[in-house]
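>>> Here is my input; please provide its structure:
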Amino acid sequence: MEMNIKKIEDMSLNAWPSHKMELYDGWILRFSYFYTHRTNSVEQFGTSTLPWREKVSYCENVYKRLGTPAIFKISPLVSQDFDYTLENRGYEIQHTTNVMTVRLPAARLDAPYDEVCFTDSIPDEWIESLFTLKGTTNPIHRAVVPSMYRAIPKETICASVQKNEQIIATGLGILDRDYIGLYAIHVREDYRGQGLARQICTGLLKEGRKKGAENAYLQVVEGNTPARKLYESLGFCQFYTYWFRVQPTN
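The predicted structure follows:
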């Protein structure tokens, strides 16, 4: 199980590059002007040789210089003692996230998806539409994030649904080894409840199978019950949970 978790953790790093990154004694410090916790946090990917206290203080100073609190991702691959160390320093848990997986031959992919359009590249129009769907107005994010999407090193499948010449639903599949990861599943509020997210997920998973994917993974924030029910109906099952420890600001 640990080996498969490590595989998905590596693939998720490939899938969502940060604007800036620093390697430090088996840790990777990621920074993207606080667009998401995932791209603005410390992840452990290798063997540590330095004491935790020294390393945590170093990371806190790096992020202080960048103008944000230090954030550490805590996955099942991270020692519980390290999580306790952060808790004792006053770090709070935020954005608990569930990773779900499915073997594609067992997935339930019977929904039609005739309305979904696919491209291999990620068009500017798609990114702008995603900003609108997410309500992203921060000018720094709008300037920086497109380059992050273009920096994805793996093969992508970009999905969208248009109504009245506007993109009203998005999705992104990222192929890595024998997996396809699902990202950026969003539907405009006034079009929700019409099965568009199911169409996009079904289409991405089927397109992924055509390109050789045998498995799929996705990440859903704890408490997002509608999304979780959708993914479970497609055959996804809970695999593991991770969360972020965020440095107190006082």
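>>> Show me how far stretch 53-67 is from its chain's centre.
24 Å (CA atoms, centre = their mean, to the nearest Å).
>>> May I have that stretch as CSV, with CA atoms only?
What follows is stretch 53-67, C-alpha atoms only, in CSV (Å, rounded to 0.1, in the frame of the first residue of the first chain):
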residue,chain,number,x,y,z
ARG,A,53,13.3,21.4,14.4
GLU,A,54,16.2,22.8,12.3
LYS,A,55,14.3,22.0,9.1
VAL,A,56,11.0,23.4,10.2
SER,A,57,12.6,26.7,11.3
TYR,A,58,14.4,26.9,8.0
CYS,A,59,11.1,26.4,6.1
GLU,A,60,9.3,29.0,8.3
ASN,A,61,12.0,31.6,7.4
VAL,A,62,11.7,30.8,3.7
TYR,A,63,8.0,31.3,3.6
LYS,A,64,8.2,34.3,5.9
ARG,A,65,10.4,35.9,3.3
LEU,A,66,7.8,35.0,0.6
GLY,A,67,5.1,36.6,2.7
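>>> Which residues belonging to it are considered buried?
Neighbour-count burial for stretch 53-67 flags K55, V56, Y58, C59, V62, Y63 (criterion: 16 or more other CB atoms under 10 Å). (Each C-beta comes from the backbone N, C-alpha and C, glycine too.)
>>> can you check stretch 214-223 too?
By neighbour count on 16+ other CB under 10 Å, the buried set for stretch 214-223 is N215, A216, Y217, L218, Q219, V220.
>>> Mind putting those into a markdown table with pLDDT?
Formatted as a markdown table, the buried residues of stretch 214-223 follow (pLDDT from 0 to 100):
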| residue | pLDDT |
| --- | --- |
| N215 | 98 |
| A216 | 98 |
| Y217 | 98 |
| L218 | 98 |
| Q219 | 98 |
| V220 | 97 |
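>>> Just the ones in strands from those, please.
By the criterion of DSSP state E, membership of the buried residues of stretch 214-223 in strands covers N215, A216, Y217, L218, Q219, V220.
>>> Switch the buried residues of stretch 53-67 over to TSV; also include pLDDT, distance to V145 and secondary structure.
Output for the buried residues of stretch 53-67, formatted as TSV (pLDDT from 0 to 100; distance: CB to CB, whole Å; DSSP: H, G, I helix; E, B strand; the rest coil):
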residue	pLDDT	distance to V145	secondary structure
K55	97	29	helix
V56	97	28	helix
Y58	98	27	helix
C59	98	23	helix
V62	97	21	helix
Y63	96	19	helix
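>>> Just put the ones in strands among the buried residues of stretch 214-223 in a markdown table and tack on distance to Q166.
Output for these, formatted as a markdown table (distance: CB to CB, whole Å):
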| residue | distance to Q166 |
| --- | --- |
| N215 | 33 |
| A216 | 28 |
| Y217 | 30 |
| L218 | 25 |
| Q219 | 27 |
| V220 | 26 |
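>>> Which residue ranges of this protein form helices?
Secondary structure of the chain (DSSP state H): helices at 2-15, 52-66, 80-88, 124-134, 139-150, 196-210, 225-233.
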